[in-house]
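Asker: the following block contains a protein sequence and its predicted model.
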Amino acid sequence: AAMRAFGARLVEHGEDFDEAREEAERQGDALGAWKIPSFNEQLVFGVSTYGLELFEAAPDLHTVYVPIGMGSGMCGLIAARDHLGLSTRIVGVVMEQLPAYALSFEAGKVVTSPPAPTIADGMATRIPHPDALAMIRAGGERIVRVNERSVRAAMRHYLTDTHNLAEGAGAAPLAALLDEREQMRGRKVGVILSGGNVDMSWLSPLLANETA
């Protein structure tokens with residue numbers, strides 16, 4: 001609705017990010033349109049500015065959890081940390097049913113995963129970008145997996161405890177931290193809250209603690 005309000009012609013296609021991306025590329029080629037890539041070096045430079053703001057405000061963070069969609073968020077954090085010469089550990093977060101980046105991180109090469117439904121549609125990627133993977137493997141600490149129940153619980157925490165409306169992908173880092181709370185106890189840890197695009201039809205069951 002917001003995009004249409006700005007005059008965009010919005011085409012909805014596919015069940016996840018990769019299907020939408022492939023269709024966008026096809027339509028872009030057919031129309032001769034200027035295509036904005038989902039991951040490239042210039043995008044990472046732009047995204048890294050939020051990492052600079054975070055690390056300048058809290059340079060002594062032990063760990064930061066960040067969601068992985070196509071990888072620009074994690075790569076931006078890595079770039080900012082390295083630019084400032086810090087030692088903060090950057091931990092990526094993926095959904096357990098969409099583990100492509102986790103599998104690729106472990107294998108040292110691009111590994112795809114099958115499509116799967118998730119409340120964290122901003123993380124519904126099945127095909128890692130090779131450049132993003134290379135940067136994440138070079139500078140990331142590890143990649144953890146979270147489940148739907150943990151993400152929904154984190155969304156509720158944000159809404160009821162901090163009055164922030166977090167989308168699934170935005171809440172996934174908090175879900176990961178809560179899953180690892182004992183491991184991180186006593187350490188200064190950051191979580192990236194990266195979006196608030198929530199389908200309003202999900203809110204009532206979410207607040208009612210329904211997980212189906």
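Answerer: Sure, I can see it.
Asker: how about the contacts made by the spatially most central residue of the chain?
Answerer: Closest to where the C-alpha atoms of the chain average out (C-alpha atoms, centre = their mean) is Pro67, at 2.9 Å. Counting by C-beta atoms under 8 Å, 6 or more residues apart in numbering, Pro67 touches 73, 92-94, 120, 122-123, 169-170, 172-173, 192, 194. Where C-beta positions appear, they are placed from N, C-alpha and C, glycine not excepted.
Asker: try 10 Å
Answerer: 73-74, 92-95, 120, 122-123, 146, 151, 167-176, 191-195 (C-beta atoms under 10 Å, 6 or more residues apart in numbering).
Asker: take those and keep only those in helices.
Answerer: Among the contacts of Pro67, the members found in helices (DSSP state H) are 73-74, 151, 168-176.
Asker: ok, so of these, who is nearest Trp202?
Answerer: Within the ones in helices among the contacts of Pro67, proximity to Trp202 (C-beta to C-beta) peaks at Gly168, which comes in at 8.9 Å.
Asker: from Ala30, how far out is the closest one?
Answerer: From Gly168 across to Ala30, the span is 32 Å (C-beta to C-beta, to the nearest Å).
Asker: neighbour count winner among the two?
Answerer: Gly168 (28 against 8; other C-beta atoms under 10 Å).
Asker: per-residue pLDDT of that one, please?
Answerer: Looking at Gly168, its pLDDT reads 95.
Asker: what's the answer for Ala212, then?
Answerer: Looking at Ala212, its pLDDT is 43.
Asker: ok, the closest residue to Val146 other than its chain neighbours - contacts?
Answerer: Take Val146 and drop its neighbours on the chain: the residue closest to it by C-beta to C-beta, 6 or more residues apart in numbering is Ala175, 4.4 Å away. By C-beta under 10 Å, 6+ apart, Ala175 lies in contact with 65, 67, 93, 95, 120, 144, 146-155, 157, 168, 191.
Asker: can you tell me how far Ala175 is from Arg21?
Answerer: Separation of Ala175 from Arg21 (C-beta to C-beta): 25 Å.
Asker: next: Gly69.
Answerer: Gly69 is 11 Å from Arg21, by C-beta to C-beta.
Asker: between those two, which contacts overlap?
Answerer: In contact with both Gly69 and Arg21: 38, 125, using C-beta under 10 Å, 6+ apart.
Asker: what's the burial count for Gly85?
Answerer: Gly85 - counted by other C-beta under 10 Å - has 8 other residues nearby.
Asker: now do it, the pLDDT please.
Answerer: Listed pLDDT for Gly85 reads 98.
Asker: kindly list the longest strand within the chain.
Answerer: Ranked by number of residues, the top strand in the chain under DSSP state E is strand 89-95.
Asker: what's the first helix or strand after that one?
Answerer: Note on strand 89-95: by DSSP states H and E, the next helix or strand toward the C-terminus is helix 100-107.
Asker: can you give me the helices in this protein?
Answerer: So, for the chain - with DSSP H - the helices run 2-5, 17-31, 41-57, 72-84, 100-107, 130-139, 148-157, 168-179, 181-184, 200-207.
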